Every structure is written in structure tokens, then in C-alpha cells.
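Asker: coordinates only, sequence not included:
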């Protein structure tokens, strides 16, 4: 006879643990969005309060989370908003979540001032790959050109398209 003490845990149910956070998951990434409060102290306090049940859920259900790769990005509505130079710390369990000036979300690089310069720089690499493929038009057959396109160009376009929908 076999008894199950609790139902299986599904990562898709984690948003029930944190009603104040907007949880967006894709493949092996989970993004948590918290709308800003009037001041940064309240924002960090509430975010730490919301991270606590997520930490408990991870401890109980044993999925693997690499806190050292986890980042926090404070996003302002305009470049004129002043972010604190030394904001309070976010913690996941006993580890500190590092602050980053930018983050990648569904292929789009977003910085703390919603500036597109870094994303444009990264996408310019895509143009270099397209240029290389175009140079191969004269010497490569269609099958090889298709393979190069679907290997180097198409993933950028498809993945970024999801972020805009």
C-alpha cells in the first residue's frame, strides 16, 4: 500500500505563494515583477517578504535554484528618476540577490532606465551574422544557407517576438 502525504508540486503553481508578485516563466527561467511603491524602503521590504514564501517553497519541493546567478534590476519609469546608489538588499534564504543594471527578458535586454542602447549593441551582432550569411550566397547552396539562417538568425527573431506579444 502506498500513501502520498501531499500532492505533487508543480513550478507553475508557485504564483499562488506570492500574490503581490507577477510571475512569468519561460523554459528554465522565472521572472518576478513587483510594481513600485512610493519609496524604495517599502519596495525592498515587501519584495523580501514575498521572496520568503518562494524560498520556503523551493526548500520544501527541492527544485534547483542558483542564487548566485539570480539578479535584481530596479527599473525606473524615466531616466530622471534617481535610483538609490546603495539600495537595501534582497535576500533569497540566507544569500543576497545581486543587483544588476540590466536584465534579459525573453531576448530583450532591459536596463534600469528603459534605455535600448545595450539591446541595440547586442542586436548589431545579429547584423554581423546576417552579413556573413549574405556573403555566402555566392558559394553556398540553399540547404546550407537555410541551415545558417535557422541556426543564427531565426532564434533571435522568434524569441524576441514573444516579448512583444
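Answerer: Yep, it's here. In this text, all values refer to a predicted model and were calculated from it rather than measured experimentally.
Asker: what backbone torsions are found at residue 96?
Answerer: Geometry field for residue 96 lists phi and psi as phi -80, psi 140, criterion degrees, to the nearest 10.
Asker: for residue 128, see how far away residue 115 is.
Answerer: Note on residue 115: its distance to residue 128, by Cβ to Cβ, to the nearest Å, is 22 Å. No exception for glycine: its C-beta is placed from N, CA and C like everyone else's.
Asker: pick out whichever of those two has more residues nearby.
Answerer: Comparing residue 115 with residue 128 by neighbour count (other Cβ atoms under 10 Å), the higher total belongs to residue 115, at 14 against 10.
Asker: nearest spatial neighbour of residue 20, skipping sequence neighbours?
Answerer: For residue 20, the nearest residue in space outside its immediate sequence neighbours is residue 50; the separation is 5.5 Å by Cβ to Cβ, 6 or more residues apart in numbering.
Asker: buried stuff in stretch 45-55?
Answerer: Within stretch 45-55, the residues scored as buried using 16 or more other Cβ atoms under 10 Å are 47, 50, 51, 54, 55.
Asker: closest to residue 120 among the residues you listed?
Answerer: residue 47 (29.6 Å; Cβ to Cβ).
Asker: the closest one should be in a strand, yeah?
Answerer: No. According to DSSP: H, G, I helix; E, B strand; the rest coil, residue 47 belongs to no strand; its state is helix.
Asker: residue contacts, the residue nearest to it when sequence neighbours are not counted?
Answerer: Among residues not flanking residue 47 along the chain, residue 34 sits closest, at 5.2 Å (Cβ to Cβ, 6+ apart). Under the criterion of Cβ atoms under 8 Å, 6 or more residues apart in numbering, the contact partners of residue 34 comprise 20, 21, 22, 43, 46, 47, 50.
Asker: quick one: mean pLDDT for the helix or strand in which residue 132 is found?
Answerer: With elements delineated by DSSP states H and E, residue 132 resides in helix 117-135, which encompasses its position. Averaged over helix 117-135, pLDDT sits at 80.
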